[in-house]
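Enquirer: this one's sequence-less:
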């Protein structure tokens, strides 16, 4: 059996869309990081997206575990022209598109950005390759809100809209069994 323990990176304190823009995580809550690390399997391998907030969170959680190279396929959704803009301003400047993006996620994409379906496929392909390259190993994948929810959607056999109903907190664990069959064991577990 192979399980992926998806961990959302530490908080960024940003109040805007943050996709591929590289911003740091606040890792000052060392007690929470220690509790989180203690709940994760010691023999699992650690991988992260290549964005600083995930890389640094993965380093804080490594705790003697084997580390795989960072993987761009695990990045957050590419919000294109929305990256760095507040939610209210996006809704004001692109009212129909922003509404459709949240109410009908799938093929709707921000200008110069990535749709839910495109991002979900990218993340899924990346984690499938990581699992294939590390047979019989559990994986701790440090990634992002959207990346994690997209895999909940795929493993749970639900729609993107249904997946968006789930909360994914910073430093939370979402456990997805990959082999022998896909399934969601828990979502947004906090240590």
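Expert: Done, it's in. What you see is a predicted model, and the numbers here were worked out from it, not measured in a lab.
Enquirer: Residue 161 reaches residue 108, doesn't it?
Expert: No: checked against CB atoms under 8 Å, the pair residue 161 and residue 108 is beyond contact range at 11.1 Å. The C-beta positions use only the backbone N, C-alpha and C, and glycine is treated the same way.
Enquirer: These two: which has the busier surroundings?
Expert: residue 108 (18 against 14; other CB atoms under 10 Å).
Enquirer: Might you list the low-confidence residue ranges for this protein?
Expert: Low-confidence segments of the chain (pLDDT under 70): none present.
Enquirer: Dead centre of it: give me the residue that sits there.
Expert: Among the residues of the chain, the one closest to the centroid is residue 144, at 2.8 Å (CA atoms, centre = their mean).
Enquirer: How about it, nearest residue that isn't a chain neighbour?
Expert: residue 76 (3.5 Å; CB to CB, 6 or more residues apart in numbering).
Enquirer: about what we covered before: how far away is the residue nearest to the centre of the chain from residue 114?
Expert: Between residue 144 and residue 114 the distance is 12 Å, computed by CB to CB, to the nearest Å.
Enquirer: count of neighbours near residue 25?
Expert: So residue 25, with other CB under 10 Å, has 22 neighbours.
Enquirer: Let me see the contact set for it.
Expert: Residue 25 is in contact with 9, 10, 11, 12, 52, 53, 54, 56, 57, 170, counting by CB atoms under 8 Å, 6 or more residues apart in numbering.
Enquirer: Greatest separation within those residues: which pair is it?
Expert: 52 and 170 (14.5 Å; CB to CB).
Enquirer: Hmm, the residue nearest to residue 144 is touching residue 49, no?
Expert: Yes: assessed by CB under 8 Å, residue 76 is found in contact with residue 49 at 7.1 Å.
Enquirer: which neighbours do those two share?
Expert: Joint contacts of residue 76 and residue 49 (CB under 8 Å, 6+ apart) are 143, 144, 147.
Enquirer: For the closest residue to the last one other than its chain neighbours, which three-state class applies?
Expert: Leaving aside its chain neighbours, residue 147 sits nearest to residue 123 (4.7 Å; criterion: CB to CB, 6+ apart). Residue 123 falls in the helix class when you classify it by DSSP: H, G, I helix; E, B strand; the rest coil.
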